[in-house]
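Engineer: give me a 3D structure for the following:
(one chain, ligands or ions: 2)
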Amino acid sequence: MNGNETSDGQLQSTVMREIPVEEAVGMRLAHDLTQIVPGQFKGRKYKRGHLITEADIPGLLDIGKAHIYTLDIGDNDLHEDEAAGRLAASLQGEGIVLSEPHEGKVSLRAQRTGLAVIPPELVESINRIGDIALATVRHHTLVREGQPVAATRAIPLVLPKEKVEAAEKLAQAYRLENDGAAPITVRPLKKFRVGLLTTGSEVFSGRIEDKFGPVVRAKLEALGSEVVEQRFTPDDRHTIVNHIRSLFDSGYDMILVTGGMSVDPDDRTPGAIREAGAHIVSYGTPMLPGSMLLIGYLAGVPIMGLPGCVMHDPHTSFDVLLPRILAGDTITREDIVTMGYGGLHGC
Ligand SMILES: Nc1nc2c(c(=O)[nH]1)N[C@H]1C(S)=C(S)[C@@H](COP(=O)(O)OP(=O)(O)OC[C@H]3O[C@@H](n4cnc5c(N)ncnc54)[C@H](O)[C@@H]3O)O[C@H]1N2
Ligand code: MOO
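Structural biologist: Numbers count the residues shown, from 1 in each chain. Ligands and ions are numbered 1, 2, ... in the order given. Predicted coordinates:
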C-alpha cells in the first residue's frame, strides 16, 4: 500500500486542507511562498517543506497568507514543482541545463553561448493542453551562457498527471521525428577566421577615421570568432572585386565587405560582390535596420555586404544572420523572406 492508497486498494485523490497560519505551527509548507515588493524584490520568501514556527506567523501575515495548505497529492495528480520539472526534462537537449523547481517553475538555461533551437509548433501544442505553461525565446535567438532559453510552469498547485503526460508524449513524438534530437537545444558556434574589406574613398584617403572595422571585430570576437585581416579600398569596383578574390584565395571562412551598399553612384559593393562570382542569396533584407545587407556565397564561402547602419545601430540584420552562419547554417532566400515579420527594430 502506498501513501495515497486506501486500505481497500482504491486510488486516492488529492486532499488539500486550508489551515489558519496561527494553527499551522509545526506543519510543513506544501509549496514555495512568494513575496513581491515593487521595485525591490520578487521571489521566494519561504521554501516548500519549511517547518512553520511561531516566529514565522507575522511574516506570513505580511505577505497576505492568513492560511496555508496541507497537501496529500493523489495518485492521478502532480505537485506544481514535479509537473514543471517533468515537462522541462522532456524538452531538455544539448547545451541546456535545468534549474531547481522554484515556485512551480523550472528554467531551461543555456549551458554555452550559441543558437537556441525552439520548435514553435511544439511550443504551441504544449500550451494548448492547458494548466501547464511553456514560454521560450524565439527560434534562432542568440543566447549567452546562463541565459534562460525557456521556462515551464504549472498553473494550479496540483494538476492532473495526464496533462504532463500529454506534453511528454508530444516531446517524445518530436524526438522520433527528428532523429532523436530533443526539442530545445543550444547549438554551439564555430570559430570563424574572417577577411574584412572596408570600402569608402573617404576612409581610404584618410579624410575620416575607420569606424566600421572596430564594430565588426567586436561583434565577431563576442561570438568567439576573429577578423584576421582588414583591407581598405576606395570606391572603385575593379579594385573591390580584386580584393574580394584575393581574400577568397586566402581561405577565410567568411568575407565581409563594409559600406557602399546603398543607392549612390559611389556605392559599388553589391555590383563588385556579384562580379567577384558570388551566388547572391539576397541583396536587401526585410529588416530595419539592416535592410541594405547583401548575403551570398562565393564557392561555398559566405560573403556579406554590410550597410552603414551596422556600424551605427546595435542590432541589425547582421546580428540576426551572423550567429546562424557561425552555427553552420547556410542562409536561404526563405530565411531572408521570413525576417520581415517582427523585423522592425528601428529607423
Ligand atoms: N536615398 C536613399 N538613401 C539611403 C538608402 C536608400 O535606399 N535610398 N538606404 C539607407 C540605408 S538603409 C543605409 S544603411 C545607408 C548607408 O548605406 P551604405 O552602406 O551605402 O553606406 P555609405 O554610403 O558607404 O556610407 C554612409 C555613411 O557612413 C560613413 N561610413 C561608411 N563607411 C565608414 C567607415 N568604414 N568608417 C567611418 N564611416 C564610414 C560614410 O562616410 C557616410 O557618412 O544609406 C541610407 N540611405
Ligand atoms: O541597411 Mo540600413 O538600415 O537598413 O539603415
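
Engineer: what about whatever residue of the stretch 101-250 of the chain ends up closest to ligand 2, how many residues close to it?
Structural biologist: Distances between the stretch 101-250 of the chain and ligand 2 by Cβ to the nearest ligand atom are smallest at Phe212, namely 13.0 Å. Placement of C-beta: from N, CA and C, glycine included. Neighbourhood size, Phe212 [other Cβ atoms under 10 Å]: 21.

Engineer: local confidence estimate at Cys347?
Structural biologist: At Cys347, the predicted lDDT confidence score is 71.

Engineer: ugh, typo on my part, it should be Ile155
Structural biologist: 97.

Engineer: and if you look at Ser7?
Structural biologist: Looking at Ser7, its pLDDT is 59.

Engineer: the one 10 residues further on now?
Structural biologist: The confidence metric pLDDT takes the value 93 at Arg17.

Engineer: got it, and Ala24?
Structural biologist: We note a pLDDT of 94 for Ala24 in this prediction.

Engineer: count of residues packed around it?
Structural biologist: If you count neighbours by other Cβ under 10 Å, Ala24 ends up with 21.

Engineer: how about stretch 154-169: buried residues?
Structural biologist: The neighbour-count check on stretch 154-169 (16 or more other Cβ atoms under 10 Å) flags Ala154, Leu157, Val158, Leu159, Pro160, Lys161, Lys163, Val164, Ala166, Ala167, Glu168 as buried.

Engineer: can you give me phi and psi for the closest residue to ligand 1 within the stretch 51-200 of the chain?
Structural biologist: Proximity of the stretch 51-200 of the chain to ligand 1 (Cβ to the nearest ligand atom) peaks at Gly200, 4.3 Å away. Phi and psi for Gly200, reported as degrees, to the nearest 10, are phi 130, psi 110.

Engineer: does it really touch Gly260, like I thought?
Structural biologist: Yes. Using Cβ atoms under 8 Å, Gly200 is in contact with Gly260, at 6.6 Å.

Engineer: before we move on, the earlier item: need the buried residues of stretch 154-169 in a markdown table (columns: secondary structure).
Structural biologist: As requested, these are arranged in a markdown table below (DSSP: H, G, I helix; E, B strand; the rest coil):
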| residue | secondary structure |
| --- | --- |
| Ala154 | strand |
| Leu157 | coil |
| Val158 | strand |
| Leu159 | strand |
| Pro160 | strand |
| Lys161 | helix |
| Lys163 | helix |
| Val164 | helix |
| Ala166 | helix |
| Ala167 | helix |
| Glu168 | helix |
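
Engineer: how about the residue of the stretch 51-200 of the chain closest to ligand 1, what does it touch?
Structural biologist: Pro234, Asp235, Thr258, Gly259, Gly260 (Cβ atoms under 8 Å, 6 or more residues apart in numbering).

Engineer: how far away is it from Leu322?
Structural biologist: Per Cβ to Cβ, to the nearest Å, Gly200 is found 21 Å from Leu322.

Engineer: so which elements touch the helix or strand Gln172 falls within?
Structural biologist: Taking DSSP states H and E as the definition, one finds Gln172 inside helix 161-177. Packing contacts for helix 161-177, counted by 3 or more Cβ pairs under 8 Å, 6 or more residues apart in numbering; DSSP states H and E, involve strand 77-79, helix 80-91, helix 120-129, strand 132-136.

Engineer: in a markdown table: those, plus distance to Glu177 and mean pLDDT.
Structural biologist: Below are the helices and strands packed on helix 161-177 laid out as a markdown table (distance: least, Cβ to Cβ, whole Å; pLDDT from 0 to 100):
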| stretch | distance to Glu177 | mean pLDDT |
| --- | --- | --- |
| strand 77-79 | 26 | 97 |
| helix 80-91 | 15 | 98 |
| helix 120-129 | 10 | 98 |
| strand 132-136 | 18 | 98 |
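
Engineer: want to try JSON lines for the ones you listed, with distance to Asp179 and mean neighbour count as columns?
Structural biologist: Shown next, in JSON lines, are these (distance: least, Cβ to Cβ, whole Å; neighbours: other Cβ atoms under 10 Å):
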{"stretch": "strand 77-79", "distance to Asp179": "30", "mean neighbour count": "23"}
{"stretch": "helix 80-91", "distance to Asp179": "16", "mean neighbour count": "23"}
{"stretch": "helix 120-129", "distance to Asp179": "15", "mean neighbour count": "15"}
{"stretch": "strand 132-136", "distance to Asp179": "21", "mean neighbour count": "20"}
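
Engineer: let's have the ones you listed in TSV, adding distance to ligand 2.
Structural biologist: Shown next, in TSV, are the helices and strands packed on helix 161-177 (distance: least, Cβ to the nearest ligand atom, whole Å):
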stretch	distance to ligand 2
strand 77-79	49
helix 80-91	36
helix 120-129	26
strand 132-136	28
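
Engineer: and the closest residue to Ile336 other than its chain neighbours, helix, strand or coil?
Structural biologist: Once flanking residues are discounted, Ile336 sits nearest to Ser282: 4.3 Å by Cβ to Cβ, 6 or more residues apart in numbering. Classification of Ser282 using three-state DSSP returns strand.

Engineer: quick one: Ser282 and Tyr297 touch, right?
Structural biologist: No. Contact criterion Cβ under 8 Å: Ser282 and Tyr297 do not qualify, at 11.4 Å.
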